[in-house]
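[1] how would this look folded up:
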Amino acid sequence: MPNSDNTYGTFNKQTKIISQGGDSAGWTTFADVNEAKAFIFTNDALTVMDECCTILEWALTADDDGKNTKLKTTFAFGTKGNSDIAEADDWAGQYNSRKSALIDSNEWTKANCTFASSDDHLV
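    Alright, predicted model coming up:
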């Protein structure tokens, strides 16, 4: 579950559409969002998102054949609210550093995927 630090608003809203890599003929069709998240991300990656994001929404997205083979997420970050806190220690900074560490150790995703930015936010 995302954190609740929205007293000062949320910032850095992003939406990503995650597509499976390789030949689309071999893509997995997902029954629900939880199946897609578990297929794509490691448990550690999902924990980072849950702990650091203040807004975190998910949805399945259909491919050109109408099959739910893609995952869409919209996320944003609140702030811990302390003006003395270093940027790296606030939620967005924690997300970026922890995500980078997992990517560097090949522990962010379990599947070969591509991430595309979208302006069509879920929230």
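[2] contacts, neighbours, all on C-alpha from now
    Will do.
[3] The strand or helix carrying Leu46: how far from the chain's middle?
    Element membership of Leu46, judged by DSSP states H and E, is helix 43-52. Relative to its chain's centre, helix 43-52 lies at 9 Å (CA atoms, centre = their mean, to the nearest Å).
[4] So for it, mean pLDDT?
    Averaging pLDDT along helix 43-52 yields 98.
[5] Past it, which element shows up next along the chain?
    strand 55-62.
[6] Output that next one as CSV - backbone C-alpha positions only.
    What follows is strand 55-62, C-alpha atoms only, in CSV (Å, rounded to 0.1, in the frame of the first residue of the first chain):
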residue,chain,number,x,y,z
ILE,A,55,-0.1,7.7,-5.5
LEU,A,56,0.2,4.2,-7.1
GLU,A,57,-2.5,3.0,-9.5
TRP,A,58,-2.4,0.0,-11.8
ALA,A,59,-4.4,-1.2,-14.8
LEU,A,60,-4.2,-3.8,-17.5
THR,A,61,-3.8,-2.5,-21.0
ALA,A,62,-4.7,-4.4,-24.2
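[7] hey, where'd the strands end up in the chain?
    11-20, 55-62, 68-77, 113-117 (DSSP state E).
[8] In a markdown table, list those along with mean neighbour count and distance to Ile85.
    Output for the strands of the chain, formatted as a markdown table (neighbours: other CA atoms under 10 Å; distance: least, CA to CA, whole Å):
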| stretch | mean neighbour count | distance to Ile85 |
| --- | --- | --- |
| strand 11-20 | 18 | 16 |
| strand 55-62 | 20 | 21 |
| strand 68-77 | 23 | 15 |
| strand 113-117 | 14 | 29 |
